[in-house]
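[1] Sequence first, then the predicted structure:
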Amino acid sequence: MVRDYSKFLSASAAPAPAKRDMTPLERLGWAPFFAQQIDVTEMAQTPPVRIVSVHRSGLHVSGDGIDEVLPPRADATVGDWLLWDKVRPGASRVLARRSLVKRRAPGTDVQVQQIAANIDTAFVVASCNQDFNLARLERYVALAFDAEIDPVIVLTKTDITDDPAPYITAAQSVSARVPVIALNAKGDAPIKALADWCIPGKTVAFLGSSGVGKSTLTNALTGNDGIATQEIREDDARGRHTTTHRELHFARGGCIVLDTPGMREIQLADAAAGIADVFDDIEELAAQCRFSDCAHDSEPGCAVQTAIKGGDLDPKRLERWRKLQAEDAFNSATLAKRREKDRAFGKVVRKAISSKPRNRS
Ligand SMILES: Nc1nc2c(ncn2[C@@H]2O[C@H](COP(=O)(O)OP(=O)(O)OP(=O)(O)O)[C@@H](O)[C@H]2O)c(=O)[nH]1
Ligand SMILES: [Zn+2]
């Protein structure tokens, strides 16, 4: 049977179709951005599939009537779209991504580890209690910007604070481009409050520290009929059966919730562009400083210091910008460099030990 794939190839910027009209691929997140990358012949010969989870034994992919496990590969991650090559599955082409969350892989010097692809909205979650931390919010928003994902800040636990207003005001100060939603994640609010972003065919993810309410929000969106509880079995490296969860969950509203442990808490690395996006107010001021290499301390003609003196910039925000840049720079340093430093330090220590006068016994 020759299938008519032309309906998947619409490159028009038509509004998202109503849920009932959506094709199986669109429900998985297929969009004109991906369709534009392939032609009808390719579509028929190598149908698109999305990676719904990554396991040691392979990549679990879903498509229109397709549910397969492809060989593991380093250049594809959960959320990616592949063109499934039935004859040589390992050669399936990875389509260009709309967004990519990555981090420097531990244990290697230059390799970047891909965490999740093609997320449309990142909900950066924080709670209205003593755990609230502005620097952390800024870090997650920078991460989202850097990955080219639209962030939305979600403040949880409004029910256990007398006044959520100060938290909301603080969260709004992170970036003028980021909406802030405050809610009780345990109540009925989440589905309605997040409806603008949780629309059919869109992929969302929750970022934030432990205990802020990410699972509560995920469950609120997916309910019990998501595939969150559907488990798949696989053999781990030692041949034992382990049980893992799929990582793309289908929410009741039709959106796709990506939940992968690597996404939840993540350090910044190579995220200079994202940091610049969050702190675009400081970047703009810095561009007006008299010296292009101004350190914004006590240089004459420093627009940043002028803004601080005039009450237009919170000095604490400047401090957090500096810290985040330092963190990013540190994490961006290759492990090789760190190893080199460690080796040099080891040498110093060994030398110090060997030059100590020895006790004669
Ligand atoms: N009162 C109240 N409790 C909440 C709210 N959101 C989450 N909680 C509670 O806070 C605790 C932590 O919530 P989780 O959803 O597990 O947090 P998480 O971010 O998924 O945490 P990790 O899985 O450790 O990353 C749970 O006991 C939730 O019931 C809220 O809006 N109000
Ligand atoms: Zn300056």
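    Looks like it arrived, so ask away. Ligands and ions are numbered 1, 2, ... in the order given.

[2] Just give the number of residues close to R97.
    Counted with other C-beta atoms under 10 Å, the neighbours of R97 add up to 21. In this view, the C-beta of every residue, glycine as well, is placed from N, C-alpha and C.

[3] where's F145 relative to V78, distance?
    21 Å (C-beta to C-beta, to the nearest Å).

[4] Among those two, which residue is more densely surrounded?
    V78 (26 against 23).

[5] Who are the contact partners of the more buried one?
    51-54, 115-117, 247-248, 258, 260 (C-beta atoms under 8 Å, 6 or more residues apart in numbering).

[6] cutoff 7 Å now
    51-54, 116, 247-248, 258, 260 (C-beta atoms under 7 Å, 6 or more residues apart in numbering).

[7] do D281 as well
    Contacts of D281 (C-beta under 7 Å, 6+ apart): L313.

[8] Let's see that with 6 Å instead.
    D281 makes contact with no residue, according to C-beta atoms under 6 Å, 6 or more residues apart in numbering.

[9] Taking the centroid of this structure, which residue is nearest it?
    V101 (4.5 Å; C-alpha atoms, centre = their mean).

[10] Spell out the secondary structure type for that residue.
    Assigned by DSSP: H, G, I helix; E, B strand; the rest coil, the conformation of V101 is strand.

[11] Can you name the residues bridging to it?
    A116 (DSSP bridges).

[12] Hmm, A147 and it touching each other?
    Yes: shown here, V101 and A147 form a contact pair, counting by C-beta atoms under 6 Å, at 4.5 Å.

[13] coming back round to it: per-residue pLDDT of the residue nearest to the centre of the chain, please?
    If you check V101, the pLDDT there is 87.

[14] likewise the one 10 residues further on?
    What the model reports as pLDDT for Q111 is 60.

[15] going forward, begin numbering at 698 instead of 1
    With 698 as the first residue, the last one maps to Q808.

[16] Report the separation between E765 and R724.
    18 Å.

[17] With A948 instead?
    For A948, the distance to R724 - C-beta to C-beta - is 11 Å.

[18] out of those two, which sits in the busier spot?
    Applying other C-beta under 10 Å to A948 and R724 shows that A948 carries more neighbours, namely 23 against 17.

[19] Where in this protein is the helix or strand with the lowest mean pLDDT?
    strand 928-932 (a mean of 41; mean pLDDT, DSSP states H and E).

[20] Enumerate the residues of the protein near ligand 2.
    986, 991, 993, 999, 1001 (C-beta under 5 Å from the ion).

[21] Is it possible to get CSV of the contacts of V775 that adds neighbour count, secondary structure and pLDDT?
    What follows is the contacts of V775, written out as CSV (neighbours: other C-beta atoms under 10 Å; DSSP: H, G, I helix; E, B strand; the rest coil; pLDDT from 0 to 100):
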residue, neighbour count, secondary structure, pLDDT
I748, 25, strand, 95
V749, 22, strand, 92
S750, 21, strand, 89
V751, 23, strand, 87
A813, 28, strand, 90
E944, 24, coil, 76
L945, 24, strand, 82
L955, 26, strand, 87
T957, 18, coil, 69
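
[22] okay if I get those residues as TSV plus distance to K911?
    Listed next are these as TSV, based on distance: C-beta to C-beta, whole Å:
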residue	distance to K911
I748	21
V749	19
S750	18
V751	19
A813	14
E944	13
L945	15
L955	11
T957	11
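
[23] Between the residues you listed, which sits nearest D761?
    V749 (13.7 Å; C-beta to C-beta).

[24] any idea how far ligand 2 is from the closest one?
    48 Å (C-beta to the ion, to the nearest Å).

[25] Ignoring the adjacent residues along the chain, who's closest to that residue?
    Closest residue in space to V749, ignoring its immediate chain neighbours: L945 at 4.3 Å, by C-beta to C-beta, 6 or more residues apart in numbering.

[26] Test my guess that the one you found contacts I953.
    Yes: judged on C-beta under 6 Å, L945 makes contact with I953 at a distance of 5.3 Å.

[27] Confirm that D764 sits in a strand.
    Yes: judged by three-state DSSP, D764 forms part of a strand.

[28] For T805, give me the pLDDT.
    51.

[29] wait, Q964
    68.

[30] Could you do N1028 as well?
    pLDDT, N1028: 75.

[31] ok, now which ones touch whichever residue of the stretch 748-897 of the chain sits closest to ligand 2?
    Closest approach between the stretch 748-897 of the chain and ligand 2, counting by C-beta to the ion: E835, at 19.9 Å. For E835, the contact set (C-beta under 6 Å, 6+ apart) comprises 871, 975.

[32] So it: helix, strand or coil?
    helix.

[33] On the pLDDT front, check it for me.
    Value for E835, per-residue pLDDT: 95.

[34] Tell me the spacing between it and ligand 1.
    E835 sits 18 Å away from ligand 1, going by C-beta to the nearest ligand atom, to the nearest Å.

[35] ditto for V901
    V901 sits 15 Å away from ligand 1, going by C-beta to the nearest ligand atom.

[36] what does V798 give?
    From V798 over to ligand 1 the distance is 16 Å, taken as C-beta to the nearest ligand atom.

[37] Could you do V822 as well?
    6 Å.
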